[in-house]
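Visitor: predicted model follows, preceded by the sequence.
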Amino acid sequence: MAKLSVNINKIATLRNARGGNLPNLIQVAKDCEKFGAQGITVHPRPDARHIRYEDVRNLKQMVTTEFNIEGYPSPDFIDLVLEVKPSQVTLVPDAPEALTSNNGWDTIKYQKMLFDICQNFKKEGIRTSLFVNPDMVMVRNATLCGTDRIELYTESYATNYPYNPAIAIRDYICAAEEAMKQGLGLNAGHDLNLHNLSYFAQQIPQLLEVSIGHALICDALYLGLEKTIQNYLRCLQF
């Protein structure tokens, strides 16, 4: 069964909209774990529009499951990760002004840079993951970047799933098989939800972890956080 890591960026966005500490980000993270989530994900960005660097430091003190920090490997981000030492760091090629992650790494063009960064993290015992498109060449070359895992960018799967699930998943099956051949662990994330997650997990048996935030928090507005997390966990059981 793949693990569910809950991305709590949207909770921080809501808190920041009014200032103060409502909702309480730390309490929400604790509740996610209590309700069954096997990980907490955060993605601090340079403008601090949701998760702030101080949030990351505070969360490290209380997360008892896997703590995953996503982000573009700027010098400040690298320093933060080395200070906090999460279970996993997921490197994404986001521009500072990006609204959300919208592309995977070119693991050929940035091979040397990513290799050096991954080695730096791995020396400190931090598992590394690279955000990549479901492209067999990019997956294959991720091995040369020195990463432990890849996270497949699932936006195109989510977009095409309602029209033809078999076609939507096709490139992801090939990418997953290539990852297994290369000895890479496999994560996935972006636009996965209660409608498309179960099929994805069934078709990608190598899947180790999914990171889900936006859809999960939206569902929680109607279902409540505990029931929502339980529903997502059921999608991963088959």
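Guide: Perfect, I can see it now.
Visitor: when you work out contacts or count neighbours from here on, use the C-alpha atoms and nothing else.
Guide: OK.
Visitor: quick one, phi/psi of the residue nearest the centre of the chain?
Guide: In the chain, the residue lying closest to the centroid (Cα atoms, centre = their mean) is residue 211, at 4.0 Å. Taking degrees, to the nearest 10, you get phi -110, psi 120 for the backbone angles of residue 211.
Visitor: got a list of what it touches?
Guide: 4, 5, 6, 7, 41, 187, 188, 189, 190 (Cα atoms under 8 Å, 6 or more residues apart in numbering).
Visitor: what do you get for residue 114?
Guide: Counting by Cα under 8 Å, 6+ apart, residue 114 touches 107, 145, 146.
Visitor: which of those residues has the largest number of neighbours?
Guide: Most neighbours among those, by other Cα atoms under 10 Å: residue 107, with 23 neighbours.
Visitor: so it is in which element?
Guide: Per DSSP states H and E: residue 107 is located in neither a helix nor a strand.
Visitor: redo the contacts of residue 114 as CSV? Include distance to residue 82 and pLDDT.
Guide: Shown next, in CSV, are the contacts of residue 114 (distance: Cα to Cα, whole Å; pLDDT from 0 to 100):
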residue, distance to residue 82, pLDDT
107, 22, 97
145, 19, 98
146, 17, 97
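Visitor: of those, which is the nearest to residue 219?
Guide: Using Cα to Cα, residue 107 comes nearest to residue 219 of the contacts of residue 114, at 34.2 Å.
Visitor: I figured the closest one hits residue 135, correct?
Guide: No. Residue 107 lies out of contact with residue 135 (Cα atoms under 8 Å); the separation is 10.4 Å.
Visitor: for residue 46, give me the pLDDT.
Guide: Residue 46 carries a pLDDT value of 88.
Visitor: burial count for it?
Guide: 17.
Visitor: could you grab the helix/strand/coil label for it?
Guide: When classified by DSSP: H, G, I helix; E, B strand; the rest coil, residue 46 comes out as coil.
Visitor: rewinding a little: which one of the contacts of residue 114 is nearest to residue 168?
Guide: Each of the contacts of residue 114 was scored against residue 168 by Cα to Cα, and residue 107 proved nearest at 22.9 Å.
Visitor: how about the contacts made by the closest one?
Guide: By Cα under 8 Å, 6+ apart, the contact list for residue 107 reads 114, 138, 139, 141, 142, 145.
Visitor: quick one: the fourth one is in a strand?
Guide: To tie it back to what came earlier, the one meant is residue 141. No. Using three-state DSSP, the secondary structure at residue 141 is helix, not a strand.
Visitor: how far does stretch 161-169 stretch from one end to the other?
Guide: By Cα to Cα, to the nearest Å, the extent of stretch 161-169 from end to end equals 8 Å.
Visitor: what does it contact?
Guide: 156, 157, 158, 160, 196, 200, 203.
Visitor: show me which residues of it are buried.
Guide: For stretch 161-169, the neighbour count (16 or more other Cα atoms under 10 Å) marks 161, 165, 168, 169 as buried.
Visitor: so where do the strands sit in this structure?
Guide: Applying DSSP state E to the chain gives strands spanning 3-7, 39-42, 66-71, 88-91, 127-132, 149-153, 185-189, 209-212.
Visitor: distance of the residue lying closest to residue 29 once chain neighbours are set aside relative to residue 7?
Guide: In space, and not counting its chain neighbours, residue 29 is closest to residue 40: 6.9 Å by Cα to Cα, 6 or more residues apart in numbering. According to Cα to Cα, residue 40 stands 6 Å off from residue 7.
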